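Chemist: Okay, predicted coordinates and the sequence, questions at the end:
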Amino acid sequence: MYGDSRISGFVSNICRLFLGKRMIIAKSRKDLDRMREVGELIAEVRETLRKMIVPGITTLELNAVAEKIMRDAGSTPSFIGYKPHGMIPFPFAICASVNEAVVHGFSNNVPLKEGDIISLDMATSYQGFVGDTAFTAAVGEVSDELKQLIRVTGECLDLGIAQCHPNKRVGDISWAIQQHADKFGYGIVRDYTGHGIGRTMHEAPQIANYGRAGTKEKIRVGYCFAIEPMLNLGTHETKTLADKWTVITADRKPSAHCEHTIAVTESGPEILTLTKEQKAQMKQAKSETVAA
Ligand code: MG
């Protein structure tokens, strides 16, 4: 069943108070409609930025465009001012992480170069719900090694999403991502994970990008997850720069990251962070498969 997220949000806070554990908040049908709307909105931002990535553009330019689309649509960029305990508020609408930067990179006025890769992560809040998505793109022509890293990160995301059926477990998502990344010997980032999402950007559960099938929380209808594999060409280890936010690989080898917000429905995963056009294409592809 789809729950009422306000009631389960309240119960979740009580559980946290007494048991020290956060409960996963199932969304109601009405909540899911809102999650669809914000998902589509942030997907439009993502696809606009994707088209802008060419040698010479700066991450500050990308950030400005992202923030404008978010605000023009009446939404609030979720990253600006985001301040986990003990941190300085994050200053940008997007995280822009170039080459060895894994996540949480600051935008700046350094032009992107041919051969770079860039990971852009973005989230916005609209009508009380958050959509979160990320992708890594090549700047101009990049090496085959980097093309493969980007491709496999996307495949890991798809495999993780495919596990999101009622009665499967969160560990099944983690396992699906890990077993594919391991085939290529990539370092799977452990310090940062996917997460539940809804009225706030980060809800229970944590969704690690490595783990064992059949473990962790049971997946139920109405759960919404942000699934986000982060894969490194070298070691899985990371460190944080002096700006207190930018996370880079410990060996400074490149890293890729991609993310969708999804909802668990009776019939399995529904990707919420797709544009209208992408949804139409998927519908078309599905009807062609059925016809064939
Ligand atoms: Mg996220």
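Modeler: Thanks, I have it.
Chemist: so where's this protein uncertain?
Modeler: 1-21, 292 (pLDDT under 70).
Chemist: Let me see the contact set for residue 116.
Modeler: If you count contacts by C-beta atoms under 8 Å, 6 or more residues apart in numbering, residue 116 has them with 98-99, 138-139, 142. C-betas here are computed from N, CA, C, even on glycine.
Chemist: need those residues in JSON lines with distance to residue 67, secondary structure and neighbour count, can you?
Modeler: As requested, those are exported to JSON lines (distance: C-beta to C-beta, whole Å; DSSP: H, G, I helix; E, B strand; the rest coil; neighbours: other C-beta atoms under 10 Å):
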{"residue": "98", "distance to residue 67": "19", "secondary structure": "strand", "neighbour count": "21"}
{"residue": "99", "distance to residue 67": "23", "secondary structure": "coil", "neighbour count": "21"}
{"residue": "138", "distance to residue 67": "24", "secondary structure": "strand", "neighbour count": "17"}
{"residue": "139", "distance to residue 67": "21", "secondary structure": "coil", "neighbour count": "20"}
{"residue": "142", "distance to residue 67": "27", "secondary structure": "coil", "neighbour count": "17"}
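Chemist: can I get the residues you listed in a markdown table with distance to the ion?
Modeler: Compiled in a markdown table, the contacts of residue 116 are given as follows (distance: C-beta to the ion, whole Å):
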| residue | distance to the ion |
| --- | --- |
| 98 | 19 |
| 99 | 20 |
| 138 | 22 |
| 139 | 23 |
| 142 | 24 |
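Chemist: ok, residues contacting stretch 44-54?
Modeler: Counting by C-beta under 8 Å, 6+ apart, 61-62, 65-66, 69-70, 94, 112, 118, 120, 122, 124, 133-135, 137-140, 273, 275, 278 sit against stretch 44-54.
Chemist: Buried residues, it. List them.
Modeler: 44-46, 49, 53 (16 or more other C-beta atoms under 10 Å).
Chemist: ok, now stretch 129-144?
Modeler: Within stretch 129-144, the residues scored as buried using 16+ other C-beta under 10 Å are 129-139, 142.
Chemist: ok now that stretch, how far from the chain's centre?
Modeler: 11 Å (C-alpha atoms, centre = their mean, to the nearest Å).
Chemist: Then stretch 48-68?
Modeler: On C-alpha atoms, centre = their mean, the centre of stretch 48-68 falls 18 Å from that of its chain.
Chemist: now swap in stretch 42-60 and tell me
Modeler: Per C-alpha atoms, centre = their mean, the displacement of stretch 42-60 from the mean C-alpha position of its chain is 16 Å.
Chemist: Stretch 226-246 now?
Modeler: 14 Å.
Chemist: got it, and stretch 205-220?
Modeler: 16 Å.
Chemist: Report the closest residue of the stretch 151-292 of the chain relative to the ion.
Modeler: residue 226 (4.1 Å; C-beta to the ion).
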